[in-house]
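1. just the structure for this:
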Amino acid sequence: MADPTRRAILARLSRGEAGVQEIAKPFRMTLPAISKHLKVLEKAKLIRRGKDKQWRPCMLEAAPLKEVSDWVGDYRQFWEESFDRLDEYLKEIQSQDKTKEK
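-> Numbering: from 1, shown residues only. Take a look at the predicted model:
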């Protein structure tokens, strides 16, 4: 998920299945390079590849993304509360600095 090309591929597949040629169109890279990205996504179980005669469509597997979203959501509240506490602490320090200046 850290790679922008893979995120773009997942975004494309969220609109429906597509073949490797179609997936590769917006990228300035070779078909073998796109295939490597697809293999990584397939290994991560984020996509699956079908087989229809000569066409091998790629399809999004959304369930693992839902799991990631749920996991991130659990930590969102923790981080928001941590940042709120940090913000309050910084305001307190700035207030003390202003008091010392007077």
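2. and T99, how far from I93?
-> T99 sits 11 Å away from I93, going by Cβ to Cβ, to the nearest Å. Quick note: C-beta positions are derived from backbone N, CA and C, even for glycine.
3. and the lengthiest helix in the chain, how far from the chain's centre?
-> The longest helix of the chain (DSSP state H) is helix 62-101. Relative to its parent chain, helix 62-101 has a centroid offset of 21 Å by Cα atoms, centre = their mean, to the nearest Å.
4. quick one, domains of this protein?
-> According to automatic domain parsing, the chain is divided into the following domains: 4-60, 62-102.
5. from start to finish, how long is the first one in a straight line?
-> Think domain 4-60. From its first residue to its last, domain 4-60 covers 16 Å (Cα to Cα, to the nearest Å).
6. just the mean pLDDT for that domain, thanks.
-> Domain 4-60 shows a mean pLDDT of 92.
7. same thing with stretch 63-74?
-> Computed over stretch 63-74, the mean pLDDT rounds to 86.
8. contacts for that stretch?
-> Contacts to stretch 63-74, defined as Cβ atoms under 8 Å, 6 or more residues apart in numbering, come from residues 1, 10, 44-46.
9. mind checking which of these are buried?
-> Neighbour-count burial (16 or more other Cβ atoms under 10 Å) applied to the contacts of stretch 63-74 gives 10, 46.
10. next, format the contacts of stretch 63-74 as JSON lines and append secondary structure and distance to Q21.
-> Shown next, in JSON lines, are the contacts of stretch 63-74 (DSSP: H, G, I helix; E, B strand; the rest coil; distance: Cβ to Cβ, whole Å):
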{"residue": "M1", "secondary structure": "coil", "distance to Q21": "24"}
{"residue": "L10", "secondary structure": "helix", "distance to Q21": "18"}
{"residue": "A44", "secondary structure": "coil", "distance to Q21": "22"}
{"residue": "K45", "secondary structure": "coil", "distance to Q21": "23"}
{"residue": "L46", "secondary structure": "coil", "distance to Q21": "20"}
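11. and H37, what is it in contact with?
-> By Cβ under 8 Å, 6+ apart, the contact set of H37 is 3, 5-6, 9.
12. sorry, slip of the keys, the one I care about is R49.
-> 38, 42, 56-59.
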